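1. sharing a sequence plus its predicted fold:
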Amino acid sequence: QVQLVESGGGLVQAGGSLRLSCAASGRTYSSYAMGWFRQAPGKEREFVAAISWSGDRTYSADSVKGRFTISRDNAKMTVDLQMNSLKPEDTAIYYCAAKGVRSTSTYYTSKGSYDYWGQGTQVTVSS
């Protein structure tokens, strides 16, 4: 089992920045690809960004490309999402997810691929 706890959410004005962090605990000696997803009220949970276990491969959704950056520190067992130039449409609950992997250079963009999820952190962007 892996436990994930997100932090760093809050209220920010459009154009501002936030940095989300996801701390992992539990069975962390295995290799895990990580991802960030978000869910706005009345909408499906959608992919935001993903990173491989080794951190050498990342991928972001078109809607956040160039504005959001995913990174990880395996020594600290954390995954961060730096969010810049925030827009009101970025308002959502943001979730961290982990998937056990054998390949250290694989990332996943489908929410169905992930094994573990955090409880989420609210991000609200005002116009």
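-> Thanks, I have the structure now.
2. dump the residue contacts of the residue nearest to the spatial centre of the chain.
-> In the chain, the C-alpha closest to the average C-alpha coordinate belongs to Trp36, at a distance of 2.2 Å (C-alpha atoms, centre = their mean). Residues in contact with Trp36 (C-beta atoms under 8 Å, 6 or more residues apart in numbering) are 20, 22, 48-50, 70, 79, 81, 94-97. The C-beta positions use only the backbone N, C-alpha and C, and glycine is treated the same way.
3. out of the residues you listed, which one sits closest to Thr106?
-> Lowest distance from Thr106 to the contacts of Trp36 (C-beta to C-beta) belongs to Ala50, with 9.4 Å.
4. what strand or helix carries the closest one?
-> When elements are assigned from DSSP states H and E, Ala50 belongs to strand 46-51.
5. distance of Glu89 relative to Ser126?
-> Relative to Ser126, Glu89 is positioned 12 Å away (criterion: C-beta to C-beta, to the nearest Å).
6. tell me the predicted confidence for the residue nearest to the centre of the chain.
-> Listed pLDDT for Trp36 reads 98.
7. checking it next. Helix, strand or coil?
-> Using DSSP: H, G, I helix; E, B strand; the rest coil, the three-state assignment for Trp36 comes out as strand.
8. next one: Glu89
-> With three-state DSSP as the criterion, Glu89 was assigned helix.
9. before I go, just wanted to say thanks for your time.
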